[in-house]
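1. Model the structure of this input:
(one chain, ligands or ions: 2)
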Amino acid sequence: MAKTPAALVLDQDVQARFEIKQALRSAGLTLAGEAGLGMEAVTAANELQPDVIFVGVQEPMERPLQTIESLLSLLPDTPVIVFSQSRDIETARKAMLAGARDYLPRPVRPDVLRDSVFKALTAEENRRLRKIGQLPSAATSGTIVTVFGAKGGIGKSTVSTNLAVAMAQQHADSVVVVDLDNGFGDITGMLDVKPEKTLFDLVRDIDKVEGDDLPKYLVKHELSGLNVLAAPSVLEWRQVSADQVRRVVELLAKHFDKVVLDTSGTLNEVSEMTIEIATMVLWVTTSEFASVRDTIEALRALKTLSYSQERIRIVMNGISPDDGVRPSIVQEALQRDVFWQIPYDKKVRQGTHLGQPIIITAPNSVAAKSLSDLATVIGGGRLGRSGTGSGKQGGFKWRAGAQAAGAEGG
Ligand SMILES: Nc1ncnc2c1ncn2[C@@H]1O[C@H](COP(=O)(O)OP(=O)(O)OP(=O)(O)O)[C@@H](O)[C@H]1O
Ligand SMILES: [Mg+2]
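-> Numbering: from 1, shown residues only. Ligands and ions are numbered 1, 2, ... in the order given. Have a look, this model is predicted:
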């Protein structure tokens, strides 16, 4: 960082502001300005455009929390660090959930403050670079495949589970599927497994979990060897932030070859994080007008939010037998290649209801072959002559060129 970061200090209490200003000075950082909370804070932030913002929090929490939220919607890329007299974990948790990057107990030591600012700015810079595709995810070895789609009921979970099962079977890789549908996740039902723990437990224990502990949080799909991390309950989701989920995914990617993320059908903080962190995004759409329209809109939103779209691959899934629209029409509407097509297959639906992925129960069905080929291609393998890639009926490679590029994750 070339210039000294400039900080804005916000608190109703002038004495507390004075203390932080002193610490800033001793830490060698610049003071951009100071103000109270609420509108005053937002106006100052807007005028001064600081590099980092300090907000004092104390009970009652409404005002400081609202201030943090308003600051983050005004300057989403500027880290907010809170400081407080309180040592209460609940206060810290509330501040972090509102979007604060760090929590510093008063009196704040200059070295702690300096460290916190530089960590927050580095994390923010990395986040920006990841978003525009300039920095690989912090997750090291494993491939992260995010299955997203801008709508409910279009086959995201079907694709995630079957793909993950196929990967676990084919490549003898270690594979984990994570249910990140923060509405009502249904991966465990689709695989008929009964988890004892969920993502919620792993989020809670993340600081003390080592690689060897991971199996305790996962449930095994015995038929394929696939590992499953179940979704928290709807109420538990309210206590989980996107950053916490990111840490879990990064940890899994360190210990598994492939991490498949199933998501909800909306753009929210968690799904945006999964798009940001992915090696490859399989973007599911059907050929129905509403699904294509929502895809166009969501892709546009991602572009506005400066997310890199290079890793996004369109997967057209035929959830209904009368989806008569040709991929070329969808391609034209989206102004993008369709990377893969999965045909309609009534066995998929039967499998969903029975908790049996079609890849296992009907491996020769058209949809299973298509999903299995997709797993091969993502795994970096080639399709043999008998692969559905050459078929007209089954799942087929739609534009071989686009597919090969995708297989390399580029
Ligand atoms: N290729 C297909 N052929 C036939 N039926 C399919 C196909 N793909 C998915 N389905 C069926 O469509 C329904 C919805 O699928 P799924 O639950 O995977 O969608 P989703 O996008 O994950 O939905 P949600 O947003 O609610 O989580 C299921 O009954 C599933 O069996
Ligand atoms: Mg789903």
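2. separation between the residue in the stretch 301-410 of the chain positioned nearest to ligand 2 and ligand 1?
-> Ligand 2 sits closest to Thr352 of the stretch 301-410 of the chain, with a gap of 10.0 Å, by CB to the ion. No exception for glycine: its C-beta is placed from N, CA and C like everyone else's. Look at Thr352 and ligand 1: by CB to the nearest ligand atom, to the nearest Å, they are 3 Å apart.
3. Any stretches of the stretch 301-410 of the chain with poor pLDDT?
-> Counting by pLDDT under 70, the stretch 301-410 of the chain contains low-confidence ranges at 323-324, 380-410.
4. what helix or strand does the residue of the stretch 301-410 of the chain closest to ligand 2 sit in?
-> Assigned by DSSP states H and E, Thr352 belongs to helix 346-354.
5. Just give the closest residue to the residue positioned nearest the centre of the chain, not the sequence neighbours.
-> The chain has Thr274 as the residue nearest its centroid, 1.9 Å off, counting by CA atoms, centre = their mean. Among residues not flanking Thr274 along the chain, Thr146 sits closest, at 4.4 Å (CB to CB, 6 or more residues apart in numbering).
6. How about the secondary structure of that neighbour?
-> strand (DSSP: H, G, I helix; E, B strand; the rest coil).
7. and it, what are its bridge partners?
-> Leu261, Val281 (DSSP bridges).
8. so Thr67 touches Glu40, yeah?
-> No. Taking CB atoms under 8 Å as the definition, Thr67 is not a contact partner of Glu40, at 9.1 Å.
9. So between these two, which is more surrounded?
-> Neighbours per residue, other CB atoms under 10 Å: of Thr67 and Glu40, the larger number sits with Thr67, 28 against 14.
10. pLDDT score assigned to that one?
-> If you check Thr67, the pLDDT there is 96.
11. what does Lys194 give?
-> Per-residue pLDDT puts Lys194 at 96.
12. check contacts around it.
-> 188, 219 (CB atoms under 8 Å, 6 or more residues apart in numbering).
13. Quick check: residues of this structure near ligand 2?
-> Within the chain, the positions near ligand 2 by CB under 5 Å from the ion are 156-157.
14. So the chain: which segments form each domain?
-> Following automatic domain parsing, one finds the domains of the chain at 6-131, 143-407.
15. looking at the ones you listed, which one has the lowest mean pLDDT?
-> Comparing these on mean pLDDT, the least confident stretch is domain 143-407, scoring a mean of 86.
16. Surely Thr263 is in contact with Val178?
-> No. Counting by CB under 8 Å, Thr263 does not reach Val178; the two are 9.5 Å apart.
17. what does the helix holding Thr352 contact?
-> 155, 158, 190, 192, 321, 357-358, 361-362, 365, 367-368.
18. Also stretch 68-84?
-> With contact meaning CB under 8 Å, 6+ apart, stretch 68-84 is reached by 11, 16, 20, 41-42, 45-46, 49-58, 64, 91-92, 95, 98-106, 108, 116-117, 120-121, 123-124, 128.
19. ok, back up a step: which ones are touching the residue nearest to Thr274?
-> Going by CB under 8 Å, 6+ apart, Thr146 touches 261, 263, 274-275, 277-278, 280-282.
20. If we only consider these, which is nearest to ligand 2?
-> Nearest to ligand 2 among the contacts of Thr146 is Thr263, at 8.0 Å by CB to the ion.
21. From Met273, how far out is the closest one?
-> Going from Thr263 to Met273 by CB to CB, to the nearest Å gives 10 Å.
22. just Gly379 next, same as before
-> Between Gly379 and Met273 the distance is 24 Å, computed by CB to CB.
23. what's the following helix or strand after the helix or strand hosting Glu19?
-> Using DSSP H and E, Glu19 maps to helix 14-26. Scanning forward in sequence from helix 14-26 by DSSP H and E, the next helix or strand is strand 30-35.
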